[in-house]
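Peer 1: I would like the atomic coordinates for the input below:
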Amino acid sequence: MPIPHFTTAPPGLTAATPEAAGAAMRYAFFHWGLHPWAVYSIVALAIAYFQYRHGRPALISESIRALPWAPLRRFAGAFIGLATVATAFGVAASLGMGALQINSGLAAVFGIAATPLSQVVIIVVTTVLFVTSAVSGVDRGIKYLSNFNMVLAALLALAVFVVGPTVAIVDTFGTTLGSYLSELVRMSLRATPFRDSNWVGAWTVFYWAWWIAWSPFVGLFIARVSRGRTIREFIVGTVLAPSLAGFVWFSIFGGTALFMEIWQHVPLSEAVKLDASTALFTLFDALPFGTAMSVVATVLVLVFFVTSGDSAVLVLGMMSSGGNPNPAPRVKIVWGVLVAGIAISMLLAGGLKAVQTAIIVFALPFALVIVLMVWSLWRAMQHDQRQSERREKEMRRKVKEWAAKES
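Peer 2: Residues are numbered from 1 along each chain as shown. As a prediction, the model looks like this:
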């Protein structure tokens, strides 16, 4: 939800004002819209292009094959091992944060206390579920869970849209989309060299680093399920469609939260300050059928982390199996156990924040790898275009020769 941006406004704005509310929604769109999906899409496109057009294994290292100099390829390859480490720790950190969110939901609905023991049990149960899903394969467990999660999320969003401030939600979507598109370039290049503020670094730079660190995992998975698509279809399906879905989602939940904070004085900002994982359930408590929504939200978060976990285990298995699109079940099980172990260790040590910082550190060298992937992809596409033009020219020449002989 954009509540943190409302209470801690971007530089130049006063917190808890209508202007801060508008900026909060705009930056929610900005941080979760086109930019992260563009990062995922370019990594996925490079991997998929070399895999399906050139018959190479589904590995990040194969997507830099078209770089001009061997030392440059080795330089990029030296950083690619970080992708596996960043993916494992990123999934573990998310699994730990998911356990906190699920525990908050169970506390809101069933009164189950939020304790380390409860969170460890949640991680173990979630791990069993996502490993089972991953072992069953993409076309079964992962597909069924993903479809179920999408339907459940759509129903929850529809329920909040109907019983919440519907007119305010519609107004929020239109206004925020317009301001987001008009301010996109300025927000993308924004820094604060003349202000004593770390807001951009704490939010925008943090999010960008997070998306870059996660791009090996998400990119490999998207490439895995994108065979047969044209590049145009691929971009629409991986950038525009999920961005639009995110805009609708944030308009419904973020618009409702801001409306209730401003006009109905529901203490959502206080809930965020005390424990951000409980804010969503504070919102539901203020709506009709709040208990039912809290149950659905808890199930949704659980299934979301199961689908993220099974996708991550599949990708980690591919990374450690030479790009094999169907790694052995034992490989998936080993990665699932390792990820769960890391998550439990971080949770008990209270080190989730430190691991998030470590993931950001991994993002810096991999950002250079992404630039090289773009360059490699561009060179490969140019080469393939020239080859296609030569084949077409040769075909026309042969047709003309055949026509001349026939005449």
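
Peer 1: Let me know the helix or strand that Phe194 is in.
Peer 2: Here Phe194, judged by DSSP states H and E, is contained in no helix and no strand.

Peer 1: Ok, Arg396 next?
Peer 2: helix 352-406.

Peer 1: So which elements touch that helix?
Peer 2: Applying 3 or more C-beta pairs under 8 Å, 6 or more residues apart in numbering; DSSP states H and E, we find helix 352-406 packed against helix 34-52, helix 70-110, helix 206-224, helix 329-349. For the C-beta atoms, the positions are set from N, CA and C on the backbone; glycine is no exception.

Peer 1: With Val239 as the reference, name the closest of these.
Peer 2: Ranking the helices and strands packed on helix 352-406 by proximity to Val239 (C-beta to C-beta) places helix 34-52 first, at 4.7 Å.

Peer 1: lowest-confidence helix or strand of this protein?
Peer 2: For the chain, scoring each helix and strand by mean pLDDT, DSSP states H and E identifies helix 70-110 as the least confident one, at a mean of 75.

Peer 1: ok, then the element right after it?
Peer 2: On the C-terminal side of helix 70-110, the nearest following helix or strand under DSSP H and E is helix 116-136.

Peer 1: and the angle from that next one to helix 70-110?
Peer 2: Between the axis of helix 116-136 and that of helix 70-110 there is an angle of 120 degrees, by axes from the mean of the first three to the mean of the last three C-alpha atoms, to 10 degrees.

Peer 1: which other helices and strands contact helix 116-136?
Peer 2: So helix 116-136, by 3+ C-beta pairs under 8 Å, 6+ apart, packs with helix 70-110, helix 290-319, helix 329-349.

Peer 1: Please save the CA atoms from it in CSV.
Peer 2: Written as CSV, here are the backbone C-alpha positions of helix 116-136 (Å, rounded to 0.1, in the frame of the first residue of the first chain):
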residue,chain,number,x,y,z
PRO,A,116,9.2,-17.2,16.0
LEU,A,117,7.9,-20.8,16.5
SER,A,118,4.7,-20.0,14.5
GLN,A,119,6.7,-18.4,11.7
VAL,A,120,9.1,-21.4,11.5
VAL,A,121,6.1,-23.8,11.2
ILE,A,122,4.7,-21.6,8.5
ILE,A,123,8.0,-21.7,6.6
VAL,A,124,8.2,-25.5,6.9
VAL,A,125,4.6,-25.9,5.7
THR,A,126,5.1,-23.5,2.9
THR,A,127,8.3,-25.2,1.8
VAL,A,128,6.6,-28.6,1.7
LEU,A,129,3.8,-27.1,-0.5
PHE,A,130,6.1,-25.4,-3.0
VAL,A,131,8.6,-28.3,-3.2
THR,A,132,5.6,-30.6,-3.9
SER,A,133,4.3,-28.2,-6.5
ALA,A,134,7.8,-27.8,-8.1
VAL,A,135,8.4,-31.6,-8.3
SER,A,136,5.0,-32.1,-10.0
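
Peer 1: hmm, who's touching it?
Peer 2: Residues outside helix 116-136 that contact it (C-beta atoms under 8 Å, 6 or more residues apart in numbering) are 95-96, 98-100, 102-103, 106, 112, 141-142, 145, 302, 305-311, 313-314, 317, 329, 332-333, 336-337, 339-340, 343-344, 347-348.

Peer 1: if we can go back for a sec, can you say which of the helices and strands packed on helix 116-136 is packed in most?
Peer 2: helix 290-319 (a mean of 23; mean count of other C-beta atoms under 10 Å).

Peer 1: From the contact counts, what lies against that one?
Peer 2: Packing partners of helix 290-319 (3+ C-beta pairs under 8 Å, 6+ apart): helix 70-110, helix 116-136, helix 143-163, helix 206-224, helix 279-285, helix 329-349.

Peer 1: Which of those sits closest to Pro2?
Peer 2: Comparing the helices and strands packed on helix 290-319 by C-beta to C-beta, helix 279-285 comes nearest, at 11.1 Å.
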